[in-house]
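Peer 1: sharing a sequence plus its predicted fold:
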There are 2 protein chains.
Amino acid sequence: MRLKDLAEHLGLSQTTVSRALNGYPEVNEATRLRVAETAARLGYRPNASALRLATGRAGAIGLVLRGADELGPHMSEFMAGMSGRMSTEEIDILLITVENFQDEMAAYRRLAASQKVDAFVLHSPTLKDARAELLLDLNIPFVMHGRTNIGQPVAWMDIDNTSAVERATSHLLDLGHRRIALLNGVKGRTFAEHREIGYLAALSARGVPFDAALMGNSVFTDEVAFRMAQAMLELRPRPTAFLAGSMMTALGVFRAIRQAGLVLGKDVSMIAHDDVFPYLNADNMYPTMSTTRSSIRQAGSRVAELVLQMLGGKPLEDVHELWPVELVLRESSRPPP
Amino acid sequence: MRLKDLAEHLGLSQTTVSRALNGYPEVNEATRLRVAETAARLGYRPNASALRLATGRAGAIGLVLRGADELGPHMSEFMAGMSGRMSTEEIDILLITVENFQDEMAAYRRLAASQKVDAFVLHSPTLKDARAELLLDLNIPFVMHGRTNIGQPVAWMDIDNTSAVERATSHLLDLGHRRIALLNGVKGRTFAEHREIGYLAALSARGVPFDAALMGNSVFTDEVAFRMAQAMLELRPRPTAFLAGSMMTALGVFRAIRQAGLVLGKDVSMIAHDDVFPYLNADNMYPTMSTTRSSIRQAGSRVAELVLQMLGGKPLEDVHELWPVELVLRESSRPPP
DNA sequence: TCAAAATTTGAAATCGCTTTGAATGATCGC
DNA sequence: GCGATCATTCAAAGCGATTTCAAATTTTGA
């Protein structure tokens, strides 16, 4: 069923039918109704490729992931948020995975040149993010989940990682902890650097010396966290508290604590960052987990909204949002023994 | 940079340039080289919409998810596999989320009518899957991850859930367990029904009576599993072994066992189904987890391959694959006390 | 050597939509 | 009553690629 067929069926021109369907004012109300009714009845839908070619809009936003590995629980929650927001629009999410940095840059160029997407969403930026520089160069809109510093303004939405970790650290210090371990994200990622800044600021505010052995940088998986925490718990004096970068990390730390014959919330404290995975609830853990809390799904939804606003003409200089992070104290954070 | 610009730049017609780039035989080798070199140098990429309109191929395969919730760890691993396979092709993955069943059916119709995708991938089918019926009706190709029975052949790829659970159950029975709980997937999903069949078959083969109180159906999350396992552990006589539907489920059961003051691998045994999440390794758990093992990521990759084969003309009658499931025995499955 | 065949190129039609610019009738104001 | 205005409609020209069909050139074969 093409527009042409529909038009013939109605005894009208393609022009009029197209206008009627797209809500242009210069079409008779009776005609519009007749067209709409018939189109609905016959199940007419404009051919997406033709529509895109004619309008110049791709009707899609791109999400390029480094290695299929980046498609883990964090990203999938973020995507759930994005796609939730996008579902009411006639805009799709295009998912592309690449093997390495070089392929990634090539993918952006390719997608931009072939005009497959109207905009991109960038995730987990580095301090000086090359992707952002490239996309600014290519003059294709994007919204960054996180921040970067490349000397030019970019559209971004981020959570206040620095303040979150600073408050969590301060709280542990107030409880009396002096050996606080930080299991942070991969070095070079902005969010990890921001968290480190918050951690160091809190320590220095209380005059507590920094010990490099108590800081680890890695991806947020149960397994790596287990190993790092295990190693740290063998230090003497051992850490009395952990700041876990994610709930996955927290699970690994938890296991390490238990395996060392220690009890969480008694011998060792922990505050984890909670991205609010629906299948991993801090409140239902045992003991319940103290967290710095910010829904990554909501972030995804908001980033999608910002992309839509940019496509609607909002200048990127006006797209900056910093979300506060909640500190939720539960049973896992107590004074040291 | 359009084809026309490139052609003018080369002093050739669009026809020749197009042919040269698409590897048609009737173009002079010297010309082809010159065209290819220039195109690469100028970074020419055909406009995706125009190409799709001209060829009639959408260059994308669709993945419709019920509720943003379906986009959890299982799906994201599956997608990682799909996208890994697709990344070498000029075919994208289109992600759509819908709120409810009605919207979902509408989404399939809409995507089909607007010709946004060349094929679909269906996930987690029910015994009589309405989506499959609709897509057959609309005459648009799809590959199903799992099986359904709608009286017509469909293309599918599945793992042998029945045999996997039957073997796991039999093994526990052989160890001496008689009260074996099954934490299964949502009722009505084919894979859950298949697992139940395997479970019942193993029980009846050993003459062990079935107890409905030892069977739970739900989504595979830590939390729900925790609650179900907790309730089951309060039964008397209590179950001495658990079959956990996924690693998430296993984590919840694990917590319930611990909270009941019991020890996994001693007081209670467990065999979990392992979809091989890179961030949750059965071998690194404590105690190590016995599993029925089948990589869902590999499944995704294979399903993508099958879709490509179908788009290449392979008839759907020839697309049927049943993968065996490995049974890996580790420390969590021992004889009952 | 020269017609026939093979090779190489190009003009124009096509895909299905939007949108420009023109045309048609109806309505208005005086 | 009649030019001006308004409300509707339509034919045709894009959008940027592929592909059909024809033309130009070169090679072949007897």
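Peer 2: Ah, there it is.

Peer 1: any idea which residue sits dead centre in chain A?
Peer 2: A:F78 (4.7 Å; Cα atoms, centre = their mean).

Peer 1: next SSE downstream of whatever helix or strand A:L322 lives in?
Peer 2: Assigning secondary structure by DSSP states H and E places A:L322 in strand A:320-323. For strand A:320-323, the following helix or strand on the C-terminal side (DSSP H and E) is strand A:326-328.

Peer 1: buried ones in that next one?
Peer 2: By 16 or more other Cβ atoms under 10 Å in any protein chain shown, the buried positions in strand A:326-328 come out as A:327-328. Where you see a C-beta, it was placed from the backbone N, CA and C, and this is true even at glycine.

Peer 1: and for stretch A:18-32?
Peer 2: By 16+ other Cβ under 10 Å, the buried positions in stretch A:18-32 come out as A:18-21, A:27, A:32.

Peer 1: okay, those residues in TSV with pLDDT next?
Peer 2: What follows is these, written out as TSV (pLDDT from 0 to 100):
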residue	pLDDT
A:S18	95
A:R19	94
A:A20	94
A:L21	95
A:V27	90
A:R32	94
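
Peer 1: kindly identify which of these also come near DNA strand C.
Peer 2: Restricting those to those touching DNA strand C (Cβ under 7 Å from any atom of the strand) yields A:18-19, A:21.

Peer 1: let me have those residues in JSON lines, extended by distance to chain B and secondary structure.
Peer 2: What follows is these, written out as JSON lines (distance: Cβ to the nearest Cβ, whole Å; DSSP: H, G, I helix; E, B strand; the rest coil):
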{"residue": "A:S18", "distance to chain B": "15", "secondary structure": "helix"}
{"residue": "A:R19", "distance to chain B": "19", "secondary structure": "helix"}
{"residue": "A:L21", "distance to chain B": "13", "secondary structure": "helix"}
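
Peer 1: closest to B:R178 among those?
Peer 2: Lowest distance from B:R178 to those (Cβ to Cβ) belongs to A:L21, with 66.3 Å.

Peer 1: show me what contacts that closest one?
Peer 2: By Cβ atoms under 8 Å, 6 or more residues apart in numbering or on different chains, the contact set of A:L21 is A:35-36, A:39, A:46.

Peer 1: give me the subset of those lying in helices.
Peer 2: Among these, DSSP state H puts A:35-36, A:39 in helices.

Peer 1: what about burial for those residues, which qualify?
Peer 2: Among the ones in helices among the contacts of A:L21, the ones that count as buried by 16+ other Cβ under 10 Å are A:35, A:39.

Peer 1: pick the one among the ones in helices among the contacts of A:L21 closest to chain B.
Peer 2: Set against chain B, the nearest of the ones in helices among the contacts of A:L21 by Cβ to the nearest Cβ is A:A39 (10.8 Å).

Peer 1: quick one: the helices in the stretch 101-250 of chain A?
Peer 2: For the stretch 101-250 of chain A, helices defined by DSSP state H, counting those that start in this stretch occupy the ranges A:101-113, A:130-138, A:161-175, A:190-205, A:222-233, A:247-259.

Peer 1: redo these as a markdown table? Include mean neighbour count and mean pLDDT.
Peer 2: Shown next, in a markdown table, are the helices of the stretch 101-250 of chain A (neighbours: other Cβ atoms under 10 Å in any protein chain shown; pLDDT from 0 to 100):
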| stretch | mean neighbour count | mean pLDDT |
| --- | --- | --- |
| helix A:101-113 | 17 | 94 |
| helix A:130-138 | 17 | 97 |
| helix A:161-175 | 21 | 98 |
| helix A:190-205 | 20 | 98 |
| helix A:222-233 | 21 | 94 |
| helix A:247-259 | 24 | 92 |
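
Peer 1: could those be laid out in JSON lines, adding distance to A:L95?
Peer 2: Formatted as JSON lines, the helices of the stretch 101-250 of chain A follow (distance: least, Cβ to Cβ, whole Å):
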{"stretch": "helix A:101-113", "distance to A:L95": "11"}
{"stretch": "helix A:130-138", "distance to A:L95": "16"}
{"stretch": "helix A:161-175", "distance to A:L95": "26"}
{"stretch": "helix A:190-205", "distance to A:L95": "22"}
{"stretch": "helix A:222-233", "distance to A:L95": "25"}
{"stretch": "helix A:247-259", "distance to A:L95": "22"}
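
Peer 1: which stretch among these comes nearest DNA strand C?
Peer 2: DNA strand C lies closest to helix A:101-113 among those, at 19.4 Å (Cβ to the nearest atom of the strand).

Peer 1: please save the CA atoms from the closest one in PDB.
Peer 2: Output of helix A:101-113 as PDB, limited to C-alpha atoms (Å, rounded to 0.1, in the frame of the first residue of the first chain):
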ATOM      1  CA  PHE A 101      38.700   2.500  19.300                       C
ATOM      2  CA  GLN A 102      39.600   2.800  15.700                       C
ATOM      3  CA  ASP A 103      36.500   0.900  14.500                       C
ATOM      4  CA  GLU A 104      34.500   3.100  16.800                       C
ATOM      5  CA  MET A 105      35.600   6.300  15.200                       C
ATOM      6  CA  ALA A 106      35.100   4.800  11.800                       C
ATOM      7  CA  ALA A 107      31.600   3.800  12.800                       C
ATOM      8  CA  TYR A 108      30.700   7.400  13.700                       C
ATOM      9  CA  ARG A 109      32.100   8.700  10.400                       C
ATOM     10  CA  ARG A 110      30.300   6.000   8.500                       C
ATOM     11  CA  LEU A 111      26.900   6.600  10.200                       C
ATOM     12  CA  ALA A 112      27.300  10.300   9.800                       C
ATOM     13  CA  ALA A 113      28.300  10.100   6.100                       C
END
